[in-house]
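Participant: What follows is a predicted protein model with its sequence.
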Amino acid sequence: MTQQHTEFEFPTGVVEPEYDLWADGVDIDPTGVLAEVDPVDAAWRHKARTFILDEVKDDIHEYWDKADYPLHLIKKLGDAGLLRDGLDFAGHEPMSPMAAGLVNMELARGDGSVATIVGVQGGLALRSVMFCGSAQQKTKYGVPMLAGELAGSFALTEPTHGSDSVGLETRAHKVDGGYVINGEKKWIGNGSIGGITVTWARDDDGKVRGFLVDQESAGYTATTIKNKLSLRAIWQAHIRMENVFVPDEDVLPDSHSFKDTARVLFATRLGVAWSAVGHATACYESAVLYAKARTQFGRPLAASQIVQERLARMQSELATIQLLAVQSTKREARGELTGPQASLAKYTATRTARQIAANARDLLGGNGILTSNRVARHFADIEAIHTYEGTETVQALLMGRNITGISAFA
């Protein structure tokens, strides 16, 4: 007797459709402010978006899940001219502050770790060399860092000096032919992958100086920090320097005090605000796409009043930080941006991005915690940018001092 087999049909609702949360079609510029930028700046934005879609999109969540660093992207970013962060180099097409902001936004919209590669390599390490270095140092170190051929890191934060970075304790003692550095640094992006670490330390007179430390130097030990929740596709290091020798030619000649360090940090603060805009954009567009594709109670989520109200709120918040970032960057381009204004941009953008990400995560329900669905990665990565380049509390104190004329720093 032959047994008959019929093809089994799954009941409706058993098989879940795939959600393409990278799809085009969402209006992510509700006021049109980004559409009005200069065409040259818009071309830089397009280049960054193309890089994300071609080089990052398909496998970044796997790197993030495994806490693995896609080191090959440093060279690819260099080849694409995206490691500049607005710095001018002879023989290279100009990149305005607006272009740098838009690049940062698009890279963060793709992935926070990739945006942080540029923030560390170009925004901090390369900028330190270009602001404070000699002509020889700019050629020896700056050019290969720009090309992504030499990894660069920026070592300021210490295990016991984060927000209180002005109190750094790493010491540089003058010896014949150079300096000997002793101290520890923590949360140093690119500090354990080989290359150069721009190290900020106090000399024998107590002055803060910058030193170009080869990561292969004797006495330099870097341990990649494990168990991170944020920015898992880039490595930060805990560095210990024991009698690390730095020759005189690798001391940054135009670094004389913490004011020089702060000048580098100030130039990168708007970049963090733009990163927040990028993260918020990714969360908003993912929420819109999901709401239109997900069916519950016999209709798309997008047909629910409460969902539309949430999306409207997210759009309003996104438009707010876009306008703030653009206006702040226009002032920066004219040389008119003040420290409190930069703090306001960073403070508002990261706080608002957190709200958008939380709303998007909730709207996606259980699917919102899957890193492959974008929102969870951005939600986690926003926690890092909310802290680095000055915590919310530090930014608030800077703004408060400007508002009242009274310093409340301890």
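Facilitator: That came in fine, so what should we check first? Numbers count the residues shown, from 1 in each chain.

Participant: and the residue nearest to Asp260 when sequence neighbours are not counted, how far is that from Leu124?
Facilitator: Leaving aside its sequence neighbours, Asp260 sits nearest to Cys132 (C-beta to C-beta, 6 or more residues apart in numbering; 5.6 Å). For glycine as for every other residue, the C-beta is placed from the backbone atoms N, C-alpha and C. Applying C-beta to C-beta, to the nearest Å, the value for Cys132 to Leu124 is 12 Å.

Participant: quick one, which of those two is more surrounded?
Facilitator: Counted by other C-beta atoms under 10 Å, Cys132 and Leu124 do not tie: Leu124 has more neighbours, with 26 against 21.

Participant: what's the next secondary structure element after the helix or strand of the chain with the lowest mean pLDDT?
Facilitator: Taking mean pLDDT, DSSP states H and E as the measure, the chain has strand 295-296 as its least confident helix or strand, at a mean of 87. Downstream of strand 295-296, the first helix or strand assigned by DSSP states H and E is strand 299-300.

Participant: Dihedrals phi and psi, Ile239?
Facilitator: Backbone torsions for Ile239, taken as degrees, to the nearest 10, come to phi -110, psi 140.

Participant: Show me where this structure has its helices.
Facilitator: Taking DSSP state H to define them, one finds helices in the chain at 39-51, 60-66, 72-79, 97-110, 112-118, 127-132, 135-137, 143-146, 258-293, 305-333, 339-363, 375-387, 392-404.

Participant: Check which helices and strands the second one is in contact with.
Facilitator: Under the contact criterion of 3 or more C-beta pairs under 8 Å, 6 or more residues apart in numbering; DSSP states H and E, the helices and strands touching helix 60-66 comprise helix 112-118.

Participant: Outline the domain layout of this structure.
Facilitator: As recorded under automatic domain parsing, the domains making up the chain are 39-146, 152-256, 259-404.

Participant: ok so, going back, can you redo the helices of the chain as CSV with mean pLDDT and distance to Glu249?
Facilitator: As requested, those are arranged in CSV below (pLDDT from 0 to 100; distance: least, C-beta to C-beta, whole Å):
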stretch, mean pLDDT, distance to Glu249
helix 39-51, 98, 34
helix 60-66, 94, 37
helix 72-79, 97, 24
helix 97-110, 97, 30
helix 112-118, 97, 27
helix 127-132, 96, 13
helix 135-137, 97, 7
helix 143-146, 96, 16
helix 258-293, 94, 18
helix 305-333, 97, 33
helix 339-363, 96, 33
helix 375-387, 94, 35
helix 392-404, 91, 35
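
Participant: would you turn the ones you listed into CSV with distance to Ile239?
Facilitator: CSV is the format used below for those (distance: least, C-beta to C-beta, whole Å):
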stretch, distance to Ile239
helix 39-51, 30
helix 60-66, 23
helix 72-79, 19
helix 97-110, 26
helix 112-118, 17
helix 127-132, 16
helix 135-137, 21
helix 143-146, 18
helix 258-293, 17
helix 305-333, 31
helix 339-363, 26
helix 375-387, 18
helix 392-404, 23
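
Participant: From Ala342, how far off is Ser328?
Facilitator: Noted for Ser328: a distance of 7 Å to Ala342, by C-beta to C-beta.

Participant: okay, now Ala349: neighbour count?
Facilitator: Look at Ala349: counted by other C-beta under 10 Å, it has 29 neighbours.

Participant: Find the residues that touch each one of Ser328 and Ala342.
Facilitator: Residues touching both Ser328 and Ala342 by C-beta atoms under 8 Å, 6 or more residues apart in numbering: Leu270, Ala273.

Participant: returning to that earlier point: for Cys132 and Leu124, list the residues in contact with both.
Facilitator: Shared contacts of Cys132 and Leu124 (C-beta under 8 Å, 6+ apart): Val264.

Participant: In a markdown table: the domains of the chain, plus distance to Asp29.
Facilitator: Output for the domains of the chain, formatted as a markdown table (distance: least, C-beta to C-beta, whole Å):
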| stretch | distance to Asp29 |
| --- | --- |
| domain 39-146 | 11 |
| domain 152-256 | 26 |
| domain 259-404 | 7 |
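
Participant: Nearest approach to Glu18 belongs to which of those domains?
Facilitator: Nearest of those to Glu18, taken as C-beta to C-beta: domain 259-404 at 9.1 Å.

Participant: on that earlier part again, out of the helices of the chain, which is closest to Glu16?
Facilitator: helix 258-293 (10.6 Å).

Participant: Check which helices and strands the closest one sits against.
Facilitator: Using 3+ C-beta pairs under 8 Å, 6+ apart, helix 258-293 sits against helix 97-110, helix 112-118, helix 127-132, strand 208-214, strand 299-300, helix 305-333, helix 339-363, helix 375-387.
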